[in-house]
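Participant: heads up, no residue letters with this:
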């Protein structure tokens, strides 16, 4: 039970920080919605951790619910990294196009 | 045909030691020369410009990428420029003095005879090059396997930068790979566009190692980066 309280304190800290960032216009409305939803969902999972344990055991996994959540998190992180790499590649190509246009215009 | 119709595209990254000699050699043979200085922060651009002024040759063009974008990007900039100038034939020629300018006419011959649209230079046909051991027996076989997997093509020297093409190939092949993966991309687009191609033996003089598995000179160099760029290119395009 102690772990759940610690997790909830951490979630409360990040939720508070997200609200503070939105209040000070450090993040956009959509970013705020995303992060608030993310942390609320994390809190809900914490409350339901026993049920998730039972669900995971019912599926035949030997891992606990928190382990399965960690595996999912890693998979999501990998996916987000992949998206960022693809996005960066597109930006790199746009930079090349701009540099090319300048060089074609200003040749000696 | 006039030699000025042949545009030699010379991508140059940190080549202040060699650029003047290469430009002079190509100018002496009366070719049009397009130097694309690809960033680098050294004196390559200034030296190329100085050589142009000394030679008083109006068919030498010096272009500059303000920041380094990679050899593939520099070649495409040169190709775009050559197309704008109405080039009939284009030769890709390295700025480090690895290739022999005397072999340009040899690599162009199948195109001039209208037997090919694009000709690739090869270090593995009849002429012997002093290729480093690691590159010859490790990097190059991997390159061939990658090209076989990605393109289904067997070329003896897929990473050779010495190549010639006519205006048709120039229009059809747009290089989108900024780094060294452009070699495989050019080959792939040659097949996609049903262009006629062949390989010609060329000499390559190695001044230094150039490209390894993980490292190389300039953006997008190194064997593993080439494979990564080819995979990303497939996803993005």
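Facilitator: Arrived safely, thanks for sending. On a predicted model such as this, the values are computed, not experimentally measured, just so you know.

Participant: what's the helix or strand for residue 74?
Facilitator: Just going to use chain A. Per DSSP states H and E: residue A:74 is located in helix A:65-105.

Participant: my question was about chain B
Facilitator: With DSSP H and E as criterion, residue B:74 is part of helix B:71-84.

Participant: and that helix, average pLDDT?
Facilitator: For helix B:71-84, mean pLDDT is 96.

Participant: tell me what the helix or strand bottoming out on mean pLDDT in chain A is packed against?
Facilitator: For chain A, the helix or strand with the lowest mean confidence is helix A:49-58, at a mean of 83 (criterion: mean pLDDT, DSSP states H and E). Applying 3 or more C-beta pairs under 8 Å, 6 or more residues apart in numbering or on different chains; DSSP states H and E, one finds that helix A:49-58 makes contact with helix A:65-105. Where you see a C-beta, it was placed from the backbone N, CA and C, and this is true even at glycine.

Participant: hang on, the earlier thing: near chain A at all, the helix holding residue B:74?
Facilitator: Yes. Interface with chain A: helix B:71-84 contributes B:73, B:76-77, B:80-81, B:84 (C-beta under 8 Å from any C-beta of the partner chain).

Participant: next one: stretch B:36-48
Facilitator: Yes. Against chain A, stretch B:36-48 shows contacts by C-beta under 8 Å from any C-beta at residue B:36.

Participant: and for that stretch, what's in contact with it?
Facilitator: A:103, B:9-16, B:19-20, B:23, B:35, B:62-71, B:73-75, B:77-78, B:81, B:95, B:218 (C-beta atoms under 8 Å, 6 or more residues apart in numbering or on different chains).

Participant: so stretch A:79-94, near chain B or not?
Facilitator: Yes. Against chain B, stretch A:79-94 shows contacts by C-beta under 8 Å from any C-beta at A:85-86, A:89-90, A:92-93.

Participant: strands along chain B, start to end?
Facilitator: Along chain B, counting by DSSP state E, strands occupy B:6-12, B:32-38, B:60-65, B:89-92, B:118-122, B:163-166, B:197-201.
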